[in-house]
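# Curious how this folds, go ahead:
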Amino acid sequence: MHREQISENTLRSGTENLAERDPDLNGIFMRLGYPPLWTREPGFASLVRIILEQQVSIKAAATMFERLASQLGDVSAESILDAGEKGLRGLGLTRQKSRYCAELARQTASGELQLEQLGALDDEQGRKRLLSVPGLGPWTVDIYYMMALRRPDVWPRGDLALASAIQDIKQLGSRPTPEAQLMFARQWSPWRAVAARMLWMHYLDARGH
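Next up, the predicted model:
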């Protein structure tokens, strides 16, 4: 069972541990300090937002989420169901993401999916349940576990920003594949979610953000 959560204190401990173990992560730490905790509220709205972030920039997804919240009043299973797939497409969602959000709303509203119970489940059980929902692939589920459930040893497989950051700090000739990313990340266990935050911080800093 793995239910521990990252706090500000454990984030600092994990960062220091990683800096001691990996000279490249230590370089990030010495230059930029501790990474932000970057959390989200557990629940339906956060999962919708992560779906919107699939394969687009965080900024573009934030704009879309704000449009949803403004037009629907709130982002809930009920408001998404009321809008329907056609209504969601009218607000600018792609056909695919409209379908994903509608199915997530259906399963949540019916009680088939009970997001509030995920925190009490073994991580593998919880992940398996989320992965059974159309549109919730490994990256989406990993981000939810990292940000909303705040698990310390989750790695968001296939994240492009992390691939670029690893390429930078490890001086690789090309961006590592998702499989190669996982190999690097294994070295950072049991603080893989902390390593990801350090690498995101490096990625943003390197691009002037």
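
# Outline the domain layout of this protein.
8-38+154-206, 44-147 (automatic domain parsing).

# Would you convert those domains into CSV that also reports mean neighbour count?
(Each C-beta comes from the backbone N, C-alpha and C, glycine too.) Listed next are these as CSV, based on neighbours: other Cβ atoms under 10 Å:
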stretch, mean neighbour count
domain 8-38+154-206, 17
domain 44-147, 17
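
# Kindly spell out which helices and strands sit in contact with the helix or strand of the chain with the lowest mean pLDDT.
Within the chain, judged by mean pLDDT, DSSP states H and E, the helix or strand with the poorest mean is helix 123-131; its value is a mean of 92. In terms of contacts (3 or more Cβ pairs under 8 Å, 6 or more residues apart in numbering; DSSP states H and E), helix 123-131 is packed against helix 138-147.

# Compute the inter-axis angle for the helix it packs on and helix 123-131.
Going by axes from the mean of the first three to the mean of the last three Cα atoms, to 10 degrees, helix 138-147 is angled at 130 degrees with respect to helix 123-131.

# tell me the centre residue of the chain?
residue 143 (1.9 Å; Cα atoms, centre = their mean).

# pLDDT score assigned to that residue?
We have a pLDDT of 97 for residue 143.

# same deal with residue 122?
For residue 122, the predicted pLDDT is 84.

# what's the answer for residue 209, then?
74.

# Could you tell me which ranges of the chain sit under the pLDDT cut-off?
Applying pLDDT under 70 to the chain flags residues 1-3.

# run the last query once more with 50
1 (pLDDT under 50).

# Nearest residue to residue 78 in space, please, no chain neighbours.
Distances taken as Cβ to Cβ, 6 or more residues apart in numbering place residue 109 nearest to residue 78, at 6.3 Å, with adjacent residues excluded.

# I'd guessed that neighbour sits against residue 81; true?
Yes. If you go by Cβ atoms under 8 Å, residue 109 and residue 81 touch, sitting 5.9 Å apart.

# list residues touching both of those two?
Common neighbours of residue 109 and residue 81, using Cβ atoms under 8 Å, 6 or more residues apart in numbering, do not exist here.

# which residues does residue 26 contact?
18-20.

# Return the member of these nearest to residue 175.
Nearest to residue 175 among the contacts of residue 26, counting by Cβ to Cβ, is residue 18 at 21.1 Å.

# and the closest residue to the closest one other than its chain neighbours, what does it touch?
Closest residue in space to residue 18, ignoring its immediate chain neighbours: residue 25 at 4.7 Å, by Cβ to Cβ, 6+ apart. Residue 25 makes contact with 18-19, 169, 188, 195, 198 under the criterion Cβ under 8 Å, 6+ apart.
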